[in-house]
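J.: structure, please.
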Amino acid sequence: MMWTCNAVDVAAVGDGLVGEAIESPRSRLSYTAIGEYAQRIADEHDVCDPDTGYVDVHSLLTKLGGQIEIDNGEESLTINGIGDFIVHIPAHTTRRRDRFTIAHELGHYFLHFRAPDEYLAGDRLLRATRMGRNVGETQANVFASNLLMPARAFTDALSQTGSIRDVARIFDVSVPAARVRADYLGLSSE
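T.: Sure, this is the predicted structure:
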């Protein structure tokens, strides 16, 4: 059985039949707790440069048993089991967008698949496709932002450079992603 997450629902697909729609999975963690969780994962897997805060998301993916598949489809995640999953990335996206997509899909992996039952609302996720906005998608974005742009390192970098463009370059994210992170942290950006 495979589950597909989109903006409307999660529908069971098996033997070519579409089952009854069910609630999209979401974590019961607060956004603050999601941010702390993302940082803990980066620290535990030793993928965060202690001097700059840069996170090697490709290394994290590999350490977790994940793979990348580049094709002409949409950004998505397929989970076969713990340590066996695929992040699907479109061929036409930029390196910075790909980094955020990987971090976003890792958010789904940790928050909506590997989460203990008491932290999960809805059924476990086995396939996620980024389509629209819902709580689960927002949670995966919060996870990705915190993973790629740790609060303390981000704040330090912005105070040192004074430039959101420079901070985006340091963390290898898009300027809009860095701007959203600065706003979320209550920091002024250019």
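J.: ranges for the strands of this structure?
T.: Ranges of strands in the chain, per DSSP state E, are 2-5, 10-14, 17-22, 26-27, 66-71, 76-81, 84-90, 120-121, 127-129.
J.: name the strands paired with the fifth one and say parallel or antiparallel.
T.: Strand 66-71 sits in its sheet next to strand 84-90 (parallel), going by DSSP bridges.
J.: what about stretch 52-61, average pLDDT?
T.: Here stretch 52-61 scores 96 as its mean pLDDT.
J.: what does that stretch rub up against?
T.: For stretch 52-61, the external contacting residues (Cβ atoms under 8 Å, 6 or more residues apart in numbering) are 41-42, 45, 47-49, 67-68, 87, 99, 102-103, 106, 147-150, 152-154, 156-157, 170-172. Glycine gets a C-beta too; all of them are placed from N, C-alpha and C.
J.: buried set for it?
T.: Of the residues in stretch 52-61, G53, Y54, V55, D56, V57, L60, L61 count as buried by neighbour count, 16 or more other Cβ atoms under 10 Å.
J.: list just the nearest of these to D183.
T.: G53 (18.2 Å; Cβ to Cβ).
J.: what are the phi and psi values for that closest one?
T.: phi 90, psi 0 (degrees, to the nearest 10).
J.: can you list the buried residues of stretch 52-61 in JSON lines and add distance to I82?
T.: Shown next, in JSON lines, are those (distance: Cβ to Cβ, whole Å):
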{"residue": "G53", "distance to I82": "28"}
{"residue": "Y54", "distance to I82": "27"}
{"residue": "V55", "distance to I82": "21"}
{"residue": "D56", "distance to I82": "21"}
{"residue": "V57", "distance to I82": "19"}
{"residue": "L60", "distance to I82": "15"}
{"residue": "L61", "distance to I82": "14"}
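J.: among those residues, which lie within helices?
T.: Of the buried residues of stretch 52-61, the ones assigned to helices by DSSP state H are V57, L60, L61.
J.: now do stretch 165-182: distance from first to last residue.
T.: 11 Å (Cα to Cα, to the nearest Å).
J.: which residues touch it?
T.: The set of residues external to stretch 165-182 that reach it, using Cβ under 8 Å, 6+ apart, is 52-55, 94-97, 99-100, 145, 148-149, 153-154, 157-158, 161, 164, 188-190.
J.: list the contacts of R97.
T.: S174.
J.: would you check how far apart it and E75 are?
T.: Going from R97 to E75 by Cβ to Cβ, to the nearest Å gives 9 Å.
J.: please apply the same query to V55.
T.: Using Cβ to Cβ, V55 is found at 19 Å from E75.
J.: do R26 as well
T.: For R26 relative to E75 (Cβ to Cβ), the value is 19 Å.
J.: show me where this protein has its helices.
T.: Using DSSP H, helices in the chain cover 31-44, 57-63, 95-108, 135-148, 151-161, 164-171, 175-184.
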